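Colleague: can you look at this prediction? I've put the sequence above it.
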Amino acid sequence: MRSLAGQSGAPRGLRPTGWWIEDRLFTEWRLTLYGSGVAIVYVVVLASLLFKGLWVILADGNIAKIDFGYIWVSGKLARSSDPTRIFDSSAFAAAQLALIGSSGSPLIPYFVYPPTFLIFAYPLGFMPYFAAFTVWTVATLALYEAAIYTIIPRPAAVILALTPSPVLFNLGLGQNGFLTAGLVAFSLAFTESRPWLSGIFLGLLTYKPQFGVLFPVVLLASRNWRALTGAAATSVVLGLTAAIAFGYQGWLSFIHSLVYRQPSLGEIPGWHPPLVSIFAFLQSVGASADISWTVHLVAAAMVAAAICAIWTKPIAHSLKAATLCIGSVMVTPYVLGYDLCVLSIAVAFLVKDALSRGFLPGERIAMLMCWVGLILLMAPLISIIICGVLLALAARRLVLGGEETLTAPRPVLNASL
């Protein structure tokens, strides 16, 4: 079997007992087996729901009320003769009701994304609903998996990337978490080698701007002018294209959706979105909106300052990328469970660094605990703890990475009995 560890200069008998347990548990063969088992369970569950008429298409032939309906309706209206109807709340709500049945209620009664999102949704409007759902899910999942493989080019990594619960959320809801994670990953994967291409991926991420807040800051701090220029140029081109193709009203509608949200950040009065941020945790324990915002912004500023400091140092890019992924999740108050596929990208970069320089004792167990924790995402505190643990792992590697006496083994996968 191949172990996700290398060899150290120390004799086998002198290595910590816990380390040997990790070496035994986390071989590449075993991880592939575990990951395949979880992926098969996901497939069986979703196939069963589809067969029973409880997912995508209901048993009576009607469309299930899942998030993808919002995306498909956006694409349908975008390709219509009057795309500005997307930004008319009554017309947008009526289109959703026509999809799911007038006895229901719209998922969200008005369009809340930047109009650049319509560039992604537009092709879906040419397809029947189920075909569009399939194309969207397969294409965005393929982007996510391709990004993982770009970071760690091994089949085991691709299989394991299918197992975190946010993957199941995205498959079940038809959401855009795969798209977000893929764009984040490719932007970071090419930051050093092909900065212009990195900037293009970052520009595409403007469809979900809350996850790109830290990127221009760290690019400025690290003086990566080519990536920054590429991102700015791509953003401007996409913004103008969306305004010309779908109407300038889209940008006015987006600004309105930001300004006139509820105190809980919900789009609909009385509706509390299941956010998993620091802000959401404070709201869940009864803190006022003012206190929740203050604490969240202070924490976000501290995280942003720490990550900027990291990006100005001559450290391994994989560690920089991992911390930026984690920080991107922590600084935004508006993050949901399906968005946490970005954390898979953070783990991939941490593992990439460990494969090149060796794992530290306990790292793999900690990552496994984070994976288990993602199953319990009903509570916002869980995601905060997971982000904290992953940041601590990155910080530990930053502190110990320059020492020759790392307790971790040396790089390369080697044969392990």
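Modeller: Great, that's in hand.
Colleague: and Gly101, what does it touch?
Modeller: Each residue near Gly101 by CB atoms under 8 Å, 6 or more residues apart in numbering is listed here: Asn62, Ile63. Quick note: C-beta positions are derived from backbone N, CA and C, even for glycine.
Colleague: then Leu50?
Modeller: Val56, Ile57.
Colleague: sticking with it, tell me its helix or strand.
Modeller: helix 28-51 (DSSP states H and E).
Colleague: so what are the sheet partners of the next helix or strand after that helix and their directions?
Modeller: Next helix or strand after helix 28-51 toward the C-terminus (DSSP H and E): strand 54-55. According to DSSP bridges, strand 54-55 forms sheet pairs with strand 57-58 (antiparallel).
Colleague: what does the helix or strand just after the partner strand rub up against?
Modeller: Once the chain leaves strand 57-58, the next helix or strand it forms, by DSSP H and E, is helix 68-78. Applying CB under 8 Å, 6+ apart, the external contacts of helix 68-78 come out as 56, 63, 83, 85-86, 91-92, 95-96, 99-100, 107-108, 111, 113, 117-118, 121-126, 129, 132-133, 136, 173-176, 245-246.
Colleague: hmm, 7 Å instead?
Modeller: The contact list for helix 68-78 (CB atoms under 7 Å, 6 or more residues apart in numbering) reads 63, 83, 85-86, 95-96, 99-100, 107-108, 111, 118, 121-125, 129, 132-133, 136, 173-174, 246.
Colleague: can you give the distance of that helix from its chain's centre?
Modeller: Relative to its chain's centre, helix 68-78 lies at 21 Å (CA atoms, centre = their mean, to the nearest Å).
Colleague: ditto for stretch 178-192
Modeller: With CA atoms, centre = their mean, you get 10 Å for stretch 178-192.
Colleague: buried sites along that stretch?
Modeller: 178-191 (16 or more other CB atoms under 10 Å).
Colleague: try stretch 46-59
Modeller: Trp55, Val56.
Colleague: pLDDT averaged over that stretch, what's the number?
Modeller: Throughout stretch 46-59, pLDDT has a mean value of 94.
Colleague: and that stretch, end to end?
Modeller: 15 Å (CA to CA, to the nearest Å).
Colleague: what does stretch 118-137 give?
Modeller: One end of stretch 118-137 to the other measures 16 Å (CA to CA).
Colleague: what segments of this structure are strands?
Modeller: 2-3, 54-55, 57-58, 414-415 (DSSP state E).
Colleague: can you report how many residues neighbour Lys313?
Modeller: Neighbour count for Lys313, taken as other CB atoms under 10 Å: 10.
Colleague: can you check the one 10 residues further on too?
Modeller: When neighbours are counted by other CB under 10 Å, Thr323 registers 26.
Colleague: returning to what we had before: in ChimeraX, select just the buried ones from the contacts of helix 68-78.
Modeller: Those of these that count as buried under 16+ other CB under 10 Å are selected in ChimeraX with:
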select :63,83,85,86,95,96,99,100,107,108,111,118,121,122,124,125,129,132,133,136,173,174,246
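Colleague: please name the nearest non-neighbouring residue to the residue positioned nearest the centre of the chain.
Modeller: The structure's the chain has its C-alpha centroid closest to Val342; by CA atoms, centre = their mean the separation is 2.7 Å. The shortest distance from Val342 to any non-neighbouring residue, by CB to CB, 6 or more residues apart in numbering, is to Ala181 (4.9 Å).
Colleague: now Phe254
Modeller: Pro114 (5.1 Å).
Colleague: distance of the one you found from Ala366?
Modeller: 36 Å (CB to CB, to the nearest Å).
Colleague: so for these two, which sits in the more crowded spot?
Modeller: Comparing Pro114 with Ala366 by other CB under 10 Å, the one with more neighbours is Pro114, at 23 against 16.
Colleague: contact partners for that one?
Modeller: Thr206, Tyr207, Pro209, Phe254.
Colleague: okay, now Met330: neighbour count?
Modeller: Neighbours around Met330, by other CB under 10 Å: 25.
Colleague: is it true that it touches Val303?
Modeller: Yes: contact criterion CB atoms under 7 Å: Met330 and Val303 qualify, at 5.0 Å.
Colleague: burial count for Phe126?
Modeller: 11.
Colleague: got the phi and psi for the closest residue to it other than its chain neighbours?
Modeller: The shortest distance from Phe126 to any non-neighbouring residue, by CB to CB, 6+ apart, is to Arg79 (6.3 Å). When read as degrees, to the nearest 10, the backbone of Arg79 gives phi -90, psi 0.
Colleague: quick one: Arg79 from Met127, how far?
Modeller: From Arg79 to Met127 the distance is 10 Å (CB to CB).
Colleague: one more: Ala243?
Modeller: 25 Å.
Colleague: for the protein, which spans come out with low pLDDT?
Modeller: Applying pLDDT under 70 to the chain flags the ranges 1-19, 102-103, 270, 378, 401-417.
Colleague: 90 instead?
Modeller: Applying pLDDT under 90 to the chain flags residues 1-26, 60-62, 89, 100-110, 253, 255-274, 357-358, 374-381, 400-417.
Colleague: what about Val138, how many residues nearby?
Modeller: Val138: 11 neighbours (other CB under 10 Å).
Colleague: please apply the same query to Ser253.
Modeller: 23.
Colleague: which ones are touching it?
Modeller: Phe87, Phe111.
Colleague: now with 8 Å?
Modeller: Ile86, Phe87, Tyr110, Phe111, Pro115.
Colleague: can you tell me which of those is closest to Val167?
Modeller: Among those, Phe111 lies closest to Val167 (CB to CB), at 26.3 Å.
Colleague: got a list of what the nearest residue in space to that closest one that is not next to it in sequence touches?
Modeller: Spatial nearest neighbour of Phe111, chain neighbours left out: Ile86 (5.1 Å); criterion: CB to CB, 6+ apart. Residues near Ile86 by CB under 8 Å, 6+ apart: Ser74, Leu77, Ala78, Phe92, Phe111, Leu118, Phe246, Gly250, Ser253.
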